[in-house]
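A.B. asks: this one's structure only:
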Ligand SMILES: [Zn+2]
């Protein structure tokens with residue numbers, strides 16, 4: 001788990017992996033890419049289909065304008081250039097989930113070209129990953145292989161097909177092969193997902209398949225030409241992507257060091273065994289007999305349109321990170337965490353606005369609050385402690401009513417009961433003693449009751465102060481304001497021989 005290059009264990013020189021990612025994003029438009037069927041998930045099979053998405057003869061597709069706008073949003077957010085003229089192509093292949101025997105996709109005139117994503121790595125370094133292209137296409141249907149143990153086609157008794165997903169709008173994002181480690185790949189995908197999520201164009205749910213990732217992988221000695229690549233298909237979680245890449249890189253290095261050749265093929269990573277196996281030999285572009293889709297008109301997005309879409313983009317994570325670091329004087333790492341998770345960033349800004357103390361707010365939001373969300377397994381929006389409630393609690397810390405330790409206790413009760421900090425403090429009689437007169441009397445009494453230690457302090461034994469603090473805390477059941485206790489003790493004990 002490091003960012004250093006993957007190295008061969010038995011070879012005489014270092015190996016470097018070359019990784020490019022292809023990410024499919026399912027758009028959350030109301031209707032499909034080329035027909036009026038609703039885009040759904042988890043509905044009874046084949047209930048959202050029509051002659052167009054079932055590929056009946058004689059029907060004509062019509063491009064979904066919203067899907068084009070969403071694709072343009074993604075392309076612009078990745079700093080791509082939007083093509084003046086873009087067209088659809090037919091990608092011909094037979095598969096049972098593809099009733100037309102071709103997929104409508106884009107080929108040599110994609111919507112977006114030549115962008116990049118700046119990825120923040122674990123060590124805080126920023127790595128620029130090029131985006132080759134962003135194009136539009138339609139999804140295939142879904143095959144369900146039944147009767148086998150694994151849900152995979154081998155070993156299945158029969159297969160069923162559900163066309164509800166057929167024709168769902170997809171955007172494919174293709175990265176340059178700029179990535180060299182599984183860690184970088186995971187960071188890229190995490191941050192790309194966060195970006196797309198903030199554009200509100202997809203649910204980006206990897207388990208439900210609305211974000212899918214394929215990886216092209218090869219290895220070489222640094223400085224040498226690219227090696228033969230394989231394609232690792234359908235990584236449906238960040239963890240599988242990471243493990244799959246590790247396994248495939250290891251496999252390739254071992255093969256090459258054994259004097260074998262890498263075959264260009266599609267491979268499958270089995271998370272259960274941790275092994276990579278061959279699926280099929282990889283097709284070349286010419287195998288698909290791409291040709292321009294004659295049933296759809298070219299799309300020409302003029303400058304005014306592009307500028308309007310660009311103008312409608314929300315604040316993107318990279319810009320937000322800069323602003324948070326700047327506006328609230330946050331460390332870059334904290335700003336990055338808050339910018340990456342939009343609801344958490346919004347929550348933080350609300351707390352910071354209410355408390356007027358950004359640093360303390362960030363510490364709590366990224367510390368106890370985030371830990372609570374993780375443990376409870378919930379998102380920010382489902383938290384029983386809203387931003388205003390947390391801010392109120394932090395106000396009680398700021399005015400000395402609660403100590404840091406008491407605040408943690410109160411927060412825990414807030415998460416389990418949904419009560420406000422004020423209510424909890426009142427009910428439990430928890431308030432910290434910050435009344436100078438009350439504390440002064442307690443401190444005076446304890447100092448005069450312990451003449452021995454008081455004498456020692458005056459002779460310079462500073463450590464004795466801890467004994468007195470302990471006595472005061474015992475007397476006040478831990479509720480005395482520690483700073484005030486310290487000041488009062490020094491006053492009553494008098495200066496020692498410095
Ligand atoms: Zn349809």
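C.D. replies: Ah, there it is. All values reported here derive from a predicted model rather than from experimental measurement.

A.B. asks: beyond the biggest strand by length in the chain, next helix or strand please.
C.D. replies: Secondary structure of the chain per DSSP state E: the longest strand is strand 126-138. Remark: after strand 126-138, the chain's next helix or strand is strand 142-146, criterion DSSP states H and E.

A.B. asks: one step back: what strands line up against the longest strand of the chain, and which way round?
C.D. replies: Take DSSP bridges as the rule and strand 126-138 pairs in its sheet with strand 112-120 (antiparallel), strand 169-175 (antiparallel).

A.B. asks: just send these back as a markdown table, with mean pLDDT, mean neighbour count and distance to residue 479 too.
C.D. replies: Using the backbone N, CA and C atoms, a C-beta is placed for each residue, glycine as well. Putting the strands paired with strand 126-138 into a markdown table (pLDDT from 0 to 100; neighbours: other CB atoms under 10 Å; distance: least, CB to CB, whole Å) gives the following:
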| stretch | mean pLDDT | mean neighbour count | distance to residue 479 |
| --- | --- | --- | --- |
| strand 112-120 | 95 | 19 | 42 |
| strand 169-175 | 98 | 24 | 56 |
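
A.B. asks: between these, which gets nearest to the ion?
C.D. replies: The closest of the strands paired with strand 126-138 to the ion is strand 169-175. By CB to the ion, the value is 11.9 Å.

A.B. asks: the closest one close to the ion?
C.D. replies: No: counting by CB under 5 Å from the ion, the ion has no neighbours in strand 169-175; the shortest distance is 11.9 Å.

A.B. asks: contacts for that strand next, please.
C.D. replies: 20-27, 29, 32-33, 39, 64, 67, 70-71, 74, 78, 105, 117, 129-139, 188, 192, 201 (CB atoms under 8 Å, 6 or more residues apart in numbering).

A.B. asks: lowest-pLDDT helix or strand in this structure?
C.D. replies: strand 275-281 (a mean of 81; mean pLDDT, DSSP states H and E).

A.B. asks: list the buried residues in that one.
C.D. replies: The neighbour-count check on strand 275-281 (16 or more other CB atoms under 10 Å) flags 276, 279 as buried.

A.B. asks: other SSEs contacting it?
C.D. replies: Secondary structure elements in contact with strand 275-281, counted by 3 or more CB pairs under 8 Å, 6 or more residues apart in numbering; DSSP states H and E, are helix 238-257, strand 265-270.

A.B. asks: hey, which of the ones you listed is tucked in deepest?
C.D. replies: Highest mean neighbour count among those (mean count of other CB atoms under 10 Å): helix 238-257, with a mean of 19.

A.B. asks: so how far is it from its chain's centroid?
C.D. replies: 23 Å (CA atoms, centre = their mean, to the nearest Å).

A.B. asks: now that helix against strand 265-270, angle please.
C.D. replies: Angle, helix 238-257 to strand 265-270, by axes from the mean of the first three to the mean of the last three CA atoms, to 10 degrees: 130 degrees.

A.B. asks: nearest to the ion: which residue in the stretch 251-400 of the chain?
C.D. replies: As assessed by CB to the ion, the ion sits closest to residue 295 within the stretch 251-400 of the chain, at 14.4 Å.

A.B. asks: residues touching that residue, list them.
C.D. replies: Residue 295 sits next to 60-61 when contact means CB under 8 Å, 6+ apart.

A.B. asks: hmm, 10 Å instead?
C.D. replies: Counting by CB atoms under 10 Å, 6 or more residues apart in numbering, residue 295 touches 34, 59-62, 88, 90, 104.

A.B. asks: and if you look at residue 494?
C.D. replies: Residue 494 neighbours (CB under 10 Å, 6+ apart): 447, 454, 457-458.

A.B. asks: what do you get for residue 211?
C.D. replies: Neighbouring residues of residue 211 by CB under 10 Å, 6+ apart: 23-26, 189, 192-193, 196-197, 202-205, 236.

A.B. asks: now these as JSON lines including neighbour count?
C.D. replies: Shown next, in JSON lines, are the contacts of residue 211 (neighbours: other CB atoms under 10 Å):
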{"residue": "23", "neighbour count": "25"}
{"residue": "24", "neighbour count": "18"}
{"residue": "25", "neighbour count": "25"}
{"residue": "26", "neighbour count": "23"}
{"residue": "189", "neighbour count": "24"}
{"residue": "192", "neighbour count": "26"}
{"residue": "193", "neighbour count": "20"}
{"residue": "196", "neighbour count": "25"}
{"residue": "197", "neighbour count": "19"}
{"residue": "202", "neighbour count": "22"}
{"residue": "203", "neighbour count": "17"}
{"residue": "204", "neighbour count": "20"}
{"residue": "205", "neighbour count": "14"}
{"residue": "236", "neighbour count": "16"}
